[in-house]
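1. here are the coordinates; sequence isn't available:
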């Protein structure tokens with residue numbers, strides 16, 4: 001065997017060292033994974049379950065989502081995902097199941113048991129919204145969240161049709177100004193029906209001049225020269 005052939009059979013010493021180092025690193029990482037403390041494992045498991053539940057929630061499969069959220073709440077009460085699991089349980093109860101008492105219960109659980117959570121302000125707002133708009137045995141709330149689901153699905157005509165049911169079937173309900181507001185917003189922001197939106201906004205301002213929804217859209221009307229005397233009283 002000549003010298004050139006002999007060199008072909010020899011592994012570059014630098015390459016050999018690199019391979020050994022790489023193999024050693026993999027062994028160390030594997031050992032660390034095996035030695036994860038219970039808190040790390042809890043974090044991994046709760047994160048995995050939370051992501052599965054969230055996907056089911058987005059797909060509208062509320063019952064399945066609740067099962068995963070319940071497991072997180074029960075088995076991993078100290079996980080960084082648990083406050084979100086509690087909050088999302090309330091969201092499923094509210095927006096998919098229309099179980100308003102259950103929704104309020106879990107929103108309160110967020111407030112009471114996770115007072116430093118960034119979700120506390122949202123939980124308080126949702127409780128206030130439910131309590132202030134739950135007339136007609138909650139039927140207007142159901143219609144509102146059905147319309148919201150159509151809006152998220154980009155079925156804007158169905159959303160408006162459902163909101164109009166609030167106006168025709170439950171006139172002067174606490175939900176009426178909210179329904180009028182969202183009809184106008186959908187016309188304006190998603191359907192490009194600006195003239196219709198202005199008429200809707202004007203109707204809102206005329207009938208509910210003191211409501212926050214009217215105060216929000218009135219500047220839009222002023223910009224295009226539409227005055228509403230009721231807003232200036």
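-> Now that the structure is in, tell me what you want to look at. Quantities reported herein were computed from a predicted structural model and do not represent experimental measurements.
2. pull the helix or strand with minimum mean pLDDT from this structure.
-> In the chain, the helix or strand scored least confidently by mean pLDDT, DSSP states H and E is helix 3-8, which has a mean of 47.
3. domains in this structure, by residue range?
-> Domains of the chain are assigned by automatic domain parsing as 38-132, 137-233.
4. please produce TSV containing those domains, extended by mean pLDDT.
-> Shown next, in TSV, are these (pLDDT from 0 to 100):
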stretch	mean pLDDT
domain 38-132	95
domain 137-233	96
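5. just send those domains back as CSV, with distance to residue 24 and mean neighbour count too.
-> Any C-beta I mention is one placed from the backbone N, CA and C, and that applies to glycine too. Listed next are these as CSV, based on distance: least, Cβ to Cβ, whole Å; neighbours: other Cβ atoms under 10 Å:
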stretch, distance to residue 24, mean neighbour count
domain 38-132, 22, 17
domain 137-233, 51, 17
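6. go ahead and name everything in contact with stretch 123-139.
-> Here stretch 123-139 makes contact (Cβ atoms under 8 Å, 6 or more residues apart in numbering) with 87, 90, 94, 98, 100, 103-104, 107-108, 110-111, 140-141, 144, 169-170, 173-175, 178.
7. quote the end-to-end distance of that stretch.
-> 21 Å (Cα to Cα, to the nearest Å).
8. which residue ranges of this protein form helices?
-> For the chain, helices defined by DSSP state H occupy the ranges 3-8, 13-34, 38-58, 62-75, 82-95, 100-113, 120-132, 139-152, 156-169, 176-189, 194-207, 212-223.
9. now those helices as a markdown table including distance to residue 232?
-> What follows is the helices of the chain, written out as a markdown table (distance: least, Cβ to Cβ, whole Å):
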| stretch | distance to residue 232 |
| --- | --- |
| helix 3-8 | 94 |
| helix 13-34 | 68 |
| helix 38-58 | 44 |
| helix 62-75 | 46 |
| helix 82-95 | 37 |
| helix 100-113 | 37 |
| helix 120-132 | 26 |
| helix 139-152 | 30 |
| helix 156-169 | 25 |
| helix 176-189 | 18 |
| helix 194-207 | 10 |
| helix 212-223 | 10 |
